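**Student:** A predicted structure for the sequence below; I have some questions about it.
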Amino acid sequence: MNKIYIGLDGDSIGRAIEEYLITNQVQKMKVFSDLIVNALEQIREEAISLGGEVIFCSGDSILVSGEFDQSFAEFARKRFQEVTKRTASVGVGYSTANTYLGLKLAKSRGGNQVVFYDLQENEK
């Protein structure tokens, strides 16, 4: 199995936080923030338990690498949604650049999905 990168980013999380800020819903914002932290921590721990490396974990995003199969990407997307009740987009690739492009493509397609991006395959 090849080393892959998996990047997850919450969908429209900034908009939710903006609403809480503008409407002065501090307690709801704190609860929401705690849910995001909890979801990312669960994904982080699962990646580590599978021998992966956490490269970045902050805000509503995480980037991991390892010898995962693509089912881990779907696990991460589903776990984020289960915990936060919000969707997330996931990019998967053999490089960080391809992973980022997969993530952007997932978001451009409406979010809440996993996109494996291979630059060579997409140029054909």
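**Tutor:** Structure received.
**Student:** What pairs with the strand or helix carrying residue 57, parallel or antiparallel?
**Tutor:** With elements taken from DSSP states H and E, the one containing residue 57 is strand 53-58. Strand partners for strand 53-58, identified by DSSP bridges, are recorded as strand 61-66 (antiparallel).
**Student:** just how off-centre is the strand it pairs with within its chain?
**Tutor:** In terms of C-alpha atoms, centre = their mean, to the nearest Å, the gap separating the centre of strand 61-66 from the centre of its chain is 8 Å.
**Student:** what about it, average pLDDT?
**Tutor:** The average pLDDT within strand 61-66 is 98.
**Student:** Any buried residues in the following helix or strand past it, and which?
**Tutor:** Counting by DSSP H and E, the next helix or strand C-terminal to strand 61-66 is helix 71-84. Neighbour-count burial for helix 71-84, counted by 16 or more other C-beta atoms under 10 Å, picks out 72, 73, 75, 76, 77, 79, 80, 81, 83, 84. Yep, even glycine has a C-beta here, placed from its N, CA and C like the rest.
**Student:** closest to residue 102 among those?
**Tutor:** residue 73 (9.3 Å; C-beta to C-beta).
**Student:** can you give me the helices for the protein?
**Tutor:** 13-22, 26-49, 71-84, 96-108, 119-122 (DSSP state H).
**Student:** what's the closest residue in space to residue 13 that isn't next to it in sequence in contact with, if anything?
**Tutor:** Of all residues not flanking residue 13 in the chain, residue 60 sits nearest, at 4.3 Å (C-beta to C-beta, 6 or more residues apart in numbering). Residue 60 is in contact with 9, 10, 13, 36, 40, 88, counting by C-beta atoms under 8 Å, 6 or more residues apart in numbering.
**Student:** By mean pLDDT, flag the weakest helix or strand of this structure.
**Tutor:** Least confident helix or strand of the chain, by mean pLDDT, DSSP states H and E, is helix 119-122 with a mean of 56.
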